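# Test case, fold it:
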Amino acid sequence: MRRILIADDEANMRWVLERTLSKAGYDVETAEDGQLAFDQALAERPDLVLVDLKMPKLDGLSVLRKLKEHYSDGLSVFNTPSTKEKCPCPFVLPSEGVSLEKIEKSFLQQAMEQTGGNQSQAAKRLGLSRHAFLYRLEKYGIDPTGGFELSRII
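Residues are numbered from 1 along each chain as shown. The predicted model follows:
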């Protein structure tokens, strides 16, 4: 799996996902609405589509349904986390598997970088409680200070 299409109407979410996945070595394309995502997926046949559920022109579930019609062999589609609300989200896992640990670790590191090592802000950015965030940092062996020295922050 090398090519990923990210569909989200929130520019910040597209940017975080694109940057994180590009750093991990994936070829990433983005779309800011559901119709554009559907058109790009048909034209480019990505290996994975990350799609927001609530988007203009065509919502994420409609994108999923339409893509399933065209790709009965199982195009991999996930939803992107919403910064607006939490909702139960359907996932279609790829048959060859995905290293979710690698993606989660990358998101944790990115959040720490973007917030200058502020754990509370990084946790909030990822939609996690501070406790859950700290647990994941420990799980992946990530420095909880984010490598930021106190003298650099003050």
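# ok, then the element right after the helix or strand hosting residue 49?
Element membership of residue 49 [criterion: DSSP states H and E] is strand 48-51. The helix or strand immediately downstream of strand 48-51 is helix 60-70, counting by DSSP H and E.
# Residue 109: how many residues sit nearby?
By other CB atoms under 10 Å, 19 other residues sit near residue 109. From N, CA and C alone the C-beta is placed, and that goes for glycine too.
# thought it was touching residue 142?
Yes - using CB atoms under 8 Å, residue 109 is in contact with residue 142, at 6.3 Å.
# before we move on, the earlier item: give me the helices and strands touching the strand holding residue 49, please.
Judged by 3 or more CB pairs under 8 Å, 6 or more residues apart in numbering; DSSP states H and E, strand 48-51 is in contact with strand 3-7, helix 34-44, helix 60-70, strand 76-79.
# and stretch 38-48, what's its mean pLDDT?
Across stretch 38-48, pLDDT averages out at 87.
# Now that stretch: buried residues?
38, 40, 41, 46, 47, 48 (16 or more other CB atoms under 10 Å).
# Settle this for me: the first one is touching residue 63, isn't it.
Yes - counting by CB under 8 Å, a contact exists between residue 38 and residue 63, whose distance comes to 5.2 Å.
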